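>>> Would you be able to build a 3D model of this:
(chains A, B, C, D, E, F and G)
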Amino acid sequence: MKPLDVLQQSLHKRVLVEMKGGQSFRGTLDGFDQHLNLVLSGAEEVRSDTVAARPGLTLLRGDSIVYISP
Amino acid sequence: MKPLDVLQQSLHKRVLVEMKGGQSFRGTLDGFDQHLNLVLSGAEEVRSDTVAARPGLTLLRGDSIVYISP
Amino acid sequence: MKPLDVLQQSLHKRVLVEMKGGQSFRGTLDGFDQHLNLVLSGAEEVRSDTVAARPGLTLLRGDSIVYISP
Amino acid sequence: MKPLDVLQQSLHKRVLVEMKGGQSFRGTLDGFDQHLNLVLSGAEEVRSDTVAARPGLTLLRGDSIVYISP
Amino acid sequence: MKPLDVLQQSLHKRVLVEMKGGQSFRGTLDGFDQHLNLVLSGAEEVRSDTVAARPGLTLLRGDSIVYISP
Amino acid sequence: MKPLDVLQQSLHKRVLVEMKGGQSFRGTLDGFDQHLNLVLSGAEEVRSDTVAARPGLTLLRGDSIVYISP
Amino acid sequence: MKPLDVLQQSLHKRVLVEMKGGQSFRGTLDGFDQHLNLVLSGAEEVRSDTVAARPGLTLLRGDSIVYISP
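You can find the predicted model right below:
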């Protein structure tokens, strides 16, 4: 299973994304491209298991991502 | 929905952009390119929910962006 | 033996992956691409030999990886 | 309006440029290329609204730039 | 002698590799590619001349490498 | 005036170069390439307006450069 | 004189190389490639003008280099 296949299978499902600066986002994966840029809907920024912000629809830049967990 | 489609749909609407150094900008998305370089008009730099500066028209370099929230 | 051959031989086996920010993940390598983006199933985040989190299926971004140990 | 169009329109006008290390420069935009490398004439380095240095003609490397404000 | 020739000549010999985060690895060079991704067998992580870990077979990502000493 | 034109015009003239790590170099620009790699002759490393070292002929790597001031 | 010409002229001569992490190496330049990856023989790691280590033959990764002084 190729990395992009994981994203394809996770479309319209909830994912957890950790960014390089230590930020984490939870939301529904609505899209992605080959750079691992991600579109999350209903996104929440999560810090220590509490919701820090609710940016809603969010475009996460791929090169700031550490991991994506479907 | 591809990441660039989110930007296309957000044209001429207010967006929030968080940069790698922790800076945030709010403004109207007036343009973008495939590197995620963004043009914001009426841009404000936001720190802890207060407006820190009003650079107005602003070109944000894509590789400094963490996320964009329409 | 080329680097990607090591990954090919490690498919469906347990690997340890250390990331640039100091995080480590253990899991079963389910896939990879030429950017060294990795898919781990049953992944655990490991800190000081204790399990810190169990993200399960995880996509690790290649450019955040320091080393991979099959 | 594409990002490079903003630069085209700002040619021979004063711009403010913030760099990744926190430095800011004000000067007249005399040129640019597709990497966002910029040429400023009459450039001043600005710290906390005071002029810290006057390098005059300056070539700013694009990948060190956070934002450009015409 | 081109940089990749040094690696070719070091195949199946012991090398010392220093990574950007300050980590060092010693092991037998079993392979490499044009990105300087390296395969070490019998690898040991070295800190202050003591062995900190023995990951064994290890794939070191090229862009995290500072230097390689055959 | 394109950024590389500024370098072309500065050939054989004194320039000041600031690097990402905060180092600065003064010297005569003897050459450059499209990556903004620079060759300085008679180069001096400058710290707080005092000369810290005199490496003489120096090749500065372009991606470590913040700005160049002819 | 192009940057790579400086390296060509420095072949088999002693050079000083400063890396991004603050490390410096002195050695005889035995080879290079277009990425500024360098091969030094008889290399010494230098800290505050004292020799900290003698890795001998060393491959220095180009993108970790700040400057090279023949």
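>>> Let me know how buried residue A:51 is, in neighbour terms.
Using other Cβ atoms under 10 Å in any protein chain shown, residue A:51 has 10 neighbouring residues. All C-beta spots, glycine's among them, are computed from the backbone N, C-alpha and C.
>>> Excluding chain neighbours, what is closest to it?
residue A:44 (4.8 Å; Cβ to Cβ, 6 or more residues apart in numbering or on different chains).
>>> Could you tell me which residues within whichever strand or helix holds that neighbour count as buried?
Here residue A:44, judged by DSSP states H and E, is contained in strand A:38-47. Within strand A:38-47, the residues that qualify as buried are A:38, A:39, A:40, A:43, A:44, A:45, A:46, counting by 16 or more other Cβ atoms under 10 Å in any protein chain shown.
>>> Identify, from these, the entry nearest to chain C.
Of all the buried residues of strand A:38-47, residue A:38 has the smallest distance to chain C: 10.3 Å, by Cβ to the nearest Cβ.
>>> Now do the contacts for the nearest residue to that closest one once chain neighbours are set aside.
In this structure, residue A:38 finds its nearest non-sequential neighbour in residue A:60, 4.5 Å apart by Cβ to Cβ, 6+ apart. Counting by Cβ atoms under 8 Å, 6 or more residues apart in numbering or on different chains, residue A:60 touches A:17, A:19, A:25, A:37, A:38, A:39, A:40, B:66, B:67.
>>> Output the helix or strand the last one falls within in PDB, but only the C-alpha positions, please.
If I follow you right, that is residue B:67. Using DSSP H and E, residue B:67 sits in strand B:65-69. Taking Å, rounded to 0.1, in the frame of the first residue of the first chain, the C-alpha atoms of strand B:65-69 are listed here in PDB:
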ATOM      1  CA  ILE B  65       2.900  28.700   5.500                       C
ATOM      2  CA  VAL B  66       1.600  26.000   8.000                       C
ATOM      3  CA  TYR B  67      -2.100  26.200   7.300                       C
ATOM      4  CA  ILE B  68      -4.700  28.300   5.500                       C
ATOM      5  CA  SER B  69      -8.200  28.400   6.900                       C
END
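>>> Please dump the contacts of residue A:60 into CSV; it should also carry distance to residue D:3 and pLDDT for every row.
As requested, the contacts of residue A:60 are exported to CSV (distance: Cβ to Cβ, whole Å; pLDDT from 0 to 100):
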residue, distance to residue D:3, pLDDT
A:17, 26, 95
A:19, 23, 91
A:25, 25, 94
A:37, 17, 97
A:38, 22, 97
A:39, 21, 97
A:40, 24, 96
B:66, 18, 93
B:67, 18, 94
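>>> Please convert those residues to CSV, extending it with distance to residue D:9.
Formatted as CSV, the contacts of residue A:60 follow (distance: Cβ to Cβ, whole Å):
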residue, distance to residue D:9
A:17, 36
A:19, 33
A:25, 35
A:37, 28
A:38, 32
A:39, 30
A:40, 34
B:66, 27
B:67, 27
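>>> Can you tell me which of the residues you listed is nearest chain D?
residue B:66 (11.9 Å).
>>> For the closest one, list the residues it contacts.
Applying Cβ under 8 Å, 6+ apart, the residues near residue B:66 are A:19, A:21, A:23, A:60, A:61, A:64, B:18, B:19, B:20.
>>> which among the residues you listed end up buried?
Buried among the contacts of residue B:66 by 16+ other Cβ under 10 Å: A:19, A:23, A:60, A:61, A:64, B:18, B:19, B:20.
>>> and the residue in chain A that chain F sits nearest to, helix, strand or coil?
Relative to chain F, the nearest point of chain A is residue A:63 (15.5 Å; Cβ to the nearest Cβ). The three-state label given to residue A:63 by DSSP: H, G, I helix; E, B strand; the rest coil is helix.
>>> State the pLDDT value of it.
Turning to residue A:63, the model gives it a pLDDT of 92.
>>> Partner strands of the helix or strand hosting residue A:29 and their direction?
Assigned by DSSP H and E, residue A:29 falls within strand A:24-32. Sheet pairing of strand A:24-32 (DSSP bridges) gives strand A:14-19 (antiparallel), strand A:38-47 (antiparallel).
>>> ok, back up a step: what angle do the strand holding residue A:44 and strand A:65-69 make?
90 degrees (axes from the mean of the first three to the mean of the last three Cα atoms, to 10 degrees).
>>> roughly how far apart are residue A:8 and chain C?
11 Å (Cβ to the nearest Cβ, to the nearest Å).
>>> Can you name the residue of chain A nearest chain G?
For chain A, Cβ to the nearest Cβ, closest residue to chain G: residue A:63, 15.5 Å.
>>> Surely that residue touches residue C:63?
Yes. Contact criterion Cβ atoms under 8 Å: residue A:63 and residue C:63 qualify, at 6.9 Å.
>>> Now do the buried residues in stretch A:47-61.
Result for stretch A:47-61 [16+ other Cβ under 10 Å]: buried residues A:53, A:55, A:57, A:58, A:59, A:60, A:61.
>>> Parallel or antiparallel, which strands does the helix or strand harbouring the second one pair with?
With secondary structure defined by DSSP H and E, residue A:55 is part of strand A:50-60. Partners of strand A:50-60 in the sheet, by DSSP bridges, are strand A:38-47 (antiparallel), strand B:65-69 (antiparallel).
>>> For chain A, which residue gets nearest to chain E?
Closest point on chain A to chain E, by Cβ to the nearest Cβ, is residue A:63, at 12.4 Å.
>>> ok, now which ones touch that residue?
Residue A:63 makes contact with A:35, A:36, B:63, C:63, according to Cβ under 8 Å, 6+ apart.
>>> Go through these and name the one nearest chain D.
Nearest member of those to chain D, counting by Cβ to the nearest Cβ, is residue B:63, at 6.9 Å.
>>> if we can go back for a sec, dump the contacts of residue B:66 into CSV; add distance to residue F:3 as well.
Output for those, formatted as CSV (distance: Cβ to Cβ, whole Å):
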residue, distance to residue F:3
A:19, 32
A:21, 30
A:23, 34
A:60, 31
A:61, 25
A:64, 27
B:18, 29
B:19, 23
B:20, 23
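>>> out of those, what pair is the most spread apart?
A:60 and B:19 (13.3 Å; Cβ to Cβ).
>>> Spatially central residue for chain A, please.
For chain A, residue A:17 is the residue whose C-alpha lies nearest the centre (Cα atoms, centre = their mean; 4.0 Å).
>>> what's across from that residue in the sheet?
Going by DSSP bridges, residue A:17 forms beta bridges with residue A:25, residue A:68.
>>> Surely it touches residue A:39?
No. Contact criterion Cβ under 8 Å: residue A:17 and residue A:39 do not qualify, at 11.1 Å.
>>> helices and strands of chain A: which one bottoms out on pLDDT?
Across the helices and strands of chain A, mean pLDDT, DSSP states H and E gives its lowest value to strand A:50-60, namely a mean of 83.
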